[in-house]
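A.B. asks: attaching a predicted model along with its sequence, questions to come.
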Amino acid sequence: MTTTPLKTIYRPGTWESFQAIKTKEQRFLHYALNGTPVVFPVFGERKHLKKGVLLEKDINLIKQTDWCNQGYTVAPFLSDKELYNHLLVGIQGLVGNLLVTLAPELAALGPFQLSQYHHWVRRSEDLHSKVQEILFKGIPIDQLPIPKVLIENRISEMCGTRVSTNSGIINEMFMVRIVRPGSKDNNLPHRDVWLDVYRNSVNIYVPLAGSNALSSLSLIPESHLWDETVIEQGFSGEIDLNMIRPNPQVNEVLVFSPYLIHGGACNWNHDLTRVSLEMRFWPV
């Protein structure tokens, strides 16, 4: 029996659920990403999904949009590009300070750039794991480099209804996602709403560095309307899972339903780390 990293396609959850576990069972998830076949090992107990369309029971925050059937859209993000630059520089400073706090010797490398993160951690997988563990838990919203209300207002405008980062259930936070080139840092395809605390919400993905046609977040259009049994057929290989990358550009935002199958976004860049801002919003 060997110890193997767990990445589950059925129940994304706590950081610990992504850590090393002992298991005898190994499977492979097959899917296509922009037409390129991907095979990813999956370890751990297989959980079966119950029949039904989850979104039919919940609040659909995108139902008033003209993109409600596809489940996502890409649009301009902040009206003032300087605000976007302030957001980018602030998050770059946040990650750089975290690296130097965990490994003070890195200060000698000079100015930190998000797209070159992989070079800063290349000698220590343990350092990368520590960074990921901290970021995975989320960052308190008061550390967001720009006022959260600016983002809430923009996403409310796009959804046609008032939304907020305050769910009333979990702490308000934002995520900084880091995926190194040629790594398995990305999540496997999943639905966020397999965790009940993420139901009745809407997600955003904002590219900050290294996000392009080879690395940006992938999803399956219209899958937010799928019955759970269809998803299980996809995960077991009975039907094809065809993912695409909407690929938002600088100061654009990908807004999508957390009921969509998303993730599985391998970073196929040669020398760019992909870094993104990810947030969730709930009805006011």
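C.D. replies: Noted; the coordinates are in hand. Model, not experiment: these values are computed from the prediction.

A.B. asks: name the helix or strand for M243, please.
C.D. replies: Under the criterion of DSSP states H and E, M243 resides in strand 242-243.

A.B. asks: pairing partners for that strand, with directions?
C.D. replies: Here strand 242-243 is paired, per DSSP bridges, with strand 26-33 (parallel).

A.B. asks: I'd like the next helix or strand past the strand it pairs with.
C.D. replies: strand 36-43.

A.B. asks: flag every buried residue along the biggest strand by length in the chain.
C.D. replies: The longest strand of the chain (DSSP state E) is strand 274-283. Of the residues in strand 274-283, 274-277, 279-282 count as buried by neighbour count, 16 or more other Cβ atoms under 10 Å. The C-beta positions use only the backbone N, C-alpha and C, and glycine is treated the same way.

A.B. asks: and the strand holding M243, how far from the chain's centre?
C.D. replies: Distance of strand 242-243 from its chain centroid, counting by Cα atoms, centre = their mean, to the nearest Å, is 16 Å.

A.B. asks: mind checking how far Q132 is from K184?
C.D. replies: 12 Å (Cβ to Cβ, to the nearest Å).

A.B. asks: quickly list what V38 is bridged to.
C.D. replies: Bridge pairing for V38 - DSSP bridges - gives Y31.

A.B. asks: how many residues are close by it?
C.D. replies: Residues lying near V38 (other Cβ atoms under 10 Å) number 18.

A.B. asks: likewise G35?
C.D. replies: By other Cβ under 10 Å, neighbour count at G35 equals 8.

A.B. asks: the closest residue to it other than its chain neighbours bridge partners, please.
C.D. replies: Spatial nearest neighbour of G35, excluding adjacent residues (Cβ to Cβ, 6 or more residues apart in numbering): N242 at 8.0 Å. In this entry, N242 is beta-bridged to A32, by DSSP bridges.

A.B. asks: test my guess that N242 contacts A32.
C.D. replies: Yes: counting by Cβ atoms under 8 Å, N242 does reach A32; the two are 4.9 Å apart.

A.B. asks: what's the neighbour count on the nearest residue to V253 once chain neighbours are set aside?
C.D. replies: Closest residue to V253 apart from its sequence neighbours, by Cβ to Cβ, 6+ apart: F77 at 4.1 Å. For F77, the neighbour count with other Cβ under 10 Å is 26.

A.B. asks: same check on S115?
C.D. replies: Look at S115: counted by other Cβ under 10 Å, it has 18 neighbours.

A.B. asks: measure the nearest residue to it once chain neighbours are set aside to S129 for me?
C.D. replies: Excluding the flanking residues, the one nearest S115 by Cβ to Cβ, 6+ apart is A209, at 4.1 Å. Remark: distance between A209 and S129 (Cβ to Cβ) = 20 Å.

A.B. asks: next up, the contacts around S216.
C.D. replies: Remark: with contacts taken as Cβ atoms under 8 Å, 6 or more residues apart in numbering, S216 is in contact with 205, 207, 245-248, 254, 265, 274, 276.

A.B. asks: who wins on neighbours among those residues?
C.D. replies: Neighbour-wise, those (other Cβ under 10 Å) top out at R274, 31 neighbours.

A.B. asks: quick one on the thing from earlier: looking at the buried residues of strand 274-283, which is nearest K81?
C.D. replies: Nearest to K81, judged by Cβ to Cβ, of these is L277 at 15.4 Å.
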